[in-house]
Every structure is written in structure tokens, then in C-alpha cells.
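[1] model the following, please.
(one chain, ligands or ions: 3)
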Amino acid sequence: MSATPLRIAVTGREGQVARALAERGPALGAEVVCVGRPALDLTAPATILPALAAAAPQVVVHAAAYTAVDRAEGEPDLAHAVNVEGAGAVAAAAARLGVPVVHLSTDYVFDGRIGRPHREDDAPAPVNVYGRTKLAGEAAVAAAAPDHAILRVAWVYSPFGRNFVRTMLALAATRNAVRVVSDQHGAPTSALAIADGVIAVARNLVARPDEAALRGLFHMTGAGEATWADLAEAVFAESARLGGPSARVERIGTVDYPTPAVRAPDTRLDCNRLAAVHGVALPHWRVSLPEVVARCLAGKEEEGRTP
Ligand SMILES: NC(=O)C1=CN([C@@H]2O[C@H](COP(=O)(O)OP(=O)(O)OC[C@H]3O[C@@H](n4cnc5c(N)ncnc54)[C@H](OP(=O)(O)O)[C@@H]3O)[C@@H](O)[C@H]2O)C=CC1
Ligand SMILES: Cc1cn([C@H]2C[C@H](O)[C@@H](COP(=O)(O)OP(=O)(O)O[C@H]3O[C@@H](C)C(=O)[C@@H](O)[C@H]3O)O2)c(=O)[nH]c1=O
Ligand SMILES: [Mg+2]
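    Ligands and ions are numbered 1, 2, ... in the order given. From the prediction side, this is the model:
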């Protein structure tokens, strides 16, 4: 570990990944400064450069985004403002400050029809508003800041904020059975593991400014794969083991769970490029899950915070 900590400015304060970065930073030799609303508002681009400049970072991690997949169908303009204009402005600010930017994107840029894990050079084809704005956000970041790494993550869960694992535990507290789709495939990914990966990538970008191979697009998910029903079953098994709430998973089809946003059938990501170039590989989702379930059950971190 380097003697001088790596100084990282992170967009967003309450987000899953932002909070995970703040938590993991100290152990990994990183000084993490989270910058959020109102000082930095992605819908008010003029706030972005001053807010990031005040943090005097060596690298910017753009972890804030509009992430409400279903709600985005009804407010595409806001989703676009945050995920495209906002992301571009964050990248432009990083470029102005002369530092690299690590930008987070999503598996939802794919339509999930190729039947194998997606590589970075597979053609994106988002099937919902959120995915379209995130794809356009990738382009905005790349255009504004040549010195960037875009990390596509997926199915993020953590003890913090809104996510599928916390939703399942909340449902199990009040019912015996939960209906969950078993025909959407992906890779559950712990925000804490993402934080470790992001810090490693950020460190590489700062340490090796002239290495083009470290820049560009990378897939970064937990190892393994799952359906949402598999994930729910694993959550309930772990919760039951710890004496927490549990429920029977009724495996259903996507057709039986209508949602405003279409979701793709298979958005698994091939993460080999990240491993080869950055030396980063996240643990299997089943390895990362128990800590998160235990912390959700303990519930301490969410006390006094809005869900
Ligand atoms: N959640 C998931 O399952 C997945 C997420 N991703 C991507 O990973 C990244 C991190 O996601 P995650 O941590 O889960 O996000 P969360 O939904 O947990 O948090 C979103 C963050 O964005 C901030 N934010 C939203 N709107 C604005 C705005 N107008 N101005 C400033 N900040 C704003 C929120 O601010 P505040 O702190 O004020 O609430 C919050 O910090 C995002 O780029 C997301 O697209 C990719 C795949 C899966
Ligand atoms: C709550 C619930 C959801 N589902 C289904 C709906 C949906 O198809 C799937 C996942 O639901 P969620 O709304 O929790 O997850 P969703 O918002 O689709 O999660 C996505 O968020 C964005 C931000 C991303 O970038 C993606 O990688 C992905 O993590 O599970 C059930 O079948 N039963 C349930 O009780
Ligand atoms: Mg959701």
C-alpha cells in the first residue's frame, strides 16, 4: 500500500456504491470524499466543476445516477438529464481538473439475446429508458474525457439504500411466499466488492497515466450467475441460517410479473478483460452475499436514513 493515500472524489453521498467506497477507502489506502446534492447536482451542470474542484481529487469516481428503472419510463427527460448530461459534465470536469474519471454503467445496456456472457465489444441494444440513458451516458463520458475507465456493473446489492436483497428481506418479514422471476439471468454484485474493484482501477489509472490499455470500457460483476429467483432463495437461506426472516420463493416467468420497464432475459457480462488488463476480479456473488445479509439483518447502517 502506498504511504500517501489516493484522494478520490465520489459523486453521490447516499448511493450504494458511494457509501461502499466511503467505507472501504481507508482500508485500501484511499481518502474518499463523497460530493452530493445540493453542492453537486447532476441536473445543474454549473455546480459540478466547482464541487469536484473543492475536493482536490487525484481521480473522480462517478457513482451517482438516476437508477429507478421502472420510474424512468415515466420521466425520461429527468433520467436523460442525470445519466447523460450529468455524466458528461462530470467527465468534462475531471478533464478540466486534469484527472482520470471512473464511470459506472450497467448490464442493462444489452438486450440479453445472445445467450452467453457479453463482452465489451458486443453491440449494446438497451430495452428500456434507463438502459438507453446509461448507454448514451457512456458515450458522453468517453467524448468529454479521454482519460476514463467505464465499468459496467450489474444487479448491485448492499446493506445500503434500495436494492433487491433488502426488498426480499422486507417482503419476507410479512409473508410466507414471494413470487420472483426465474427467467432473467445476470450476475448479482456486492457494492462492497465494486468499491474494492473501483479503487484498484482508479489506482492503476493514476499510477500509469500513459497506459492506453487501462482506459476504455470494462465489464465488472460478481463471479457466477443467477436468476432473480436464485438470488432470492440464497438471501432467504442465509437469513434463515442467521435467524432472520425467510420465505418460500415461488418461481414465476417475466410474463407473470408485469413492470413498466422491459427487462432483458440474460445480461451476464464476461469480465475477462478487466482481469487481464487491471488484474481485478470480483468474488463470486455467493461469497459476497452472507456479509451483506448479516448487515441487513443487523440493520444498524440504515437507522435514521430514508429507505
Ligand atoms: N443499483 C444497481 O443495481 C445498479 C447500478 N448501476 C450503476 O452503478 C452506479 C451506482 O449505482 P447505485 O450506487 O446503486 O445507485 P443508488 O441508486 O444507490 O444511488 C444513486 C446516487 O445518485 C445520486 N443522484 C441521483 N440523482 C442525482 C442528482 N440529480 N444529482 C446528484 N446526485 C444524484 C443519489 O444522490 P443522494 O445521495 O442525494 O440520494 C445517490 O447518491 C450508477 O451509475 C448505476 O447506474 C449499474 C448496474 C446495477
Ligand atoms: C420485488 C420483486 C421483483 N421481481 C422482479 C422484477 C424484475 O424483473 C426483477 C428485478 O427487480 P428490481 O426492480 O429489484 O431490479 P431492477 O431495478 O431491474 O435492477 C436493476 O437496477 C438497475 C439500476 C441496473 O443497472 C441493473 O443492473 C439491475 O440491478 O425481479 C420479482 O419477480 N418479484 C418481486 O417481488
Ligand atoms: Mg428497481
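[2] from here on, contacts and neighbour counts on C-alpha atoms
    Will do.
[3] residues from the stretch 51-200 of the chain in reach of ligand 2?
    Contact residues (CA under 6 Å from any ligand atom) of the stretch 51-200 of the chain with ligand 2: 67, 69, 106-108, 154-156, 163-164, 178-181.
[4] and the residues you listed, which two are furthest apart?
    Spanning the widest gap among these are Thr106 and Val178, at 26.1 Å by CA to CA.
[5] compare the two (neighbour count), which wins?
    Legend: neighbour count by other CA atoms under 10 Å for Thr106 and Val178, higher for Thr106 (24 against 19).
[6] so where's the protein shaky on pLDDT?
    Applying pLDDT under 70 to the chain flags residues 1-3, 300-307.
[7] for it, which segments count as helices?
    For the chain, helices defined by DSSP state H occupy the ranges 16-24, 48-54, 69-72, 76-80, 87-97, 129-144, 164-172, 191-207, 228-241, 272-278, 285-298.
[8] rewinding a little: against ligand 1, which of the residues of the stretch 51-200 of the chain next to ligand 2 make the cut? List them.
    Answer for those near ligand 1 (CA under 6 Å from any ligand atom): Thr67, Thr106, Ala154, Trp155, Val156.
[9] want to throw these into CSV with distance to Phe236?
    Output for those, formatted as CSV (distance: CA to CA, whole Å):
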residue, distance to Phe236
Thr67, 25
Thr106, 26
Ala154, 21
Trp155, 17
Val156, 17
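[10] quick check on those residues: which are buried?
    Using 16 or more other CA atoms under 10 Å as the burial test, these include Thr67, Thr106, Ala154, Trp155, Val156 as buried.
[11] ligand 1 contacts on the stretch 51-200 of the chain?
    So the stretch 51-200 of the chain meets ligand 1 at 63-67, 82, 104-106, 153-156, 161 (CA under 6 Å from any ligand atom).
[12] what sits closest to Leu297 if chain neighbours are left out?
    Nearest residue to Leu297, sequence neighbours excluded (CA to CA, 6 or more residues apart in numbering): Gly244, at 6.6 Å.
[13] an error on my part: the question was meant for Asp230.
    Among residues not flanking Asp230 along the chain, Ser182 sits closest, at 7.3 Å (CA to CA, 6+ apart).
[14] relative to Gly36, which of the helices of the chain is closest?
    Using CA to CA, the helices of the chain put helix 48-54 closest to Gly36, at 8.5 Å.
[15] could you check that closest one and say which residues are buried?
    Under the neighbour-count criterion of 16+ other CA under 10 Å, helix 48-54 has Ile48, Leu49, Ala51, Leu52 buried.
[16] what's in contact with that helix?
    Residues outside helix 48-54 that contact it (CA atoms under 8 Å, 6 or more residues apart in numbering): Ala9, Val35, Ala39, Leu40, Asp41, Leu42, Val60, Ala89, Val90, Ala93, Ala94, Leu97.
[17] can I assume the first one is in contact with Gly36?
    No: at 10.3 Å, Ala9 and Gly36 do not qualify as touching, with contact defined as CA atoms under 8 Å.
[18] and the two? Which one has more around it.
    Between Ala9 and Gly36, counted using other CA under 10 Å, the more crowded position is Ala9 (27 against 20).
[19] ok, what's across the strand from that one?
    For Ala9, the beta-bridge partners are Val33, Val60 (DSSP bridges).
[20] can you give me the end-to-end distance of stretch 144-159?
    Stretch 144-159 has an end-to-end distance of 33 Å (CA to CA, to the nearest Å).
[21] quick one: contacts for the residue of the stretch 51-200 of the chain found nearest ligand 1?
    Ligand 1 sits closest to Ala64 of the stretch 51-200 of the chain, with a gap of 3.3 Å, by CA to the nearest ligand atom. Contact partners of Ala64, counting by CA under 8 Å, 6+ apart, are Thr11, Gly12, Gly15, Ala18.
[22] check Arg248 too.
    Here Arg248 is in contact with Asn176, Ala177, Val178, Glu233 (criterion: CA under 8 Å, 6+ apart).
[23] now for the first one, how many residues are close by?
    Put plainly, it is Asn176. Asn176 is flanked by 12 other residues according to other CA under 10 Å.
[24] any idea how far Val17 is from the residue nearest to it when sequence neighbours are not counted?
    In space, and not counting its chain neighbours, Asn176 is closest to Ala247: 4.8 Å by CA to CA, 6+ apart. Counting by CA to CA, the gap from Ala247 to Val17 is 28 Å.
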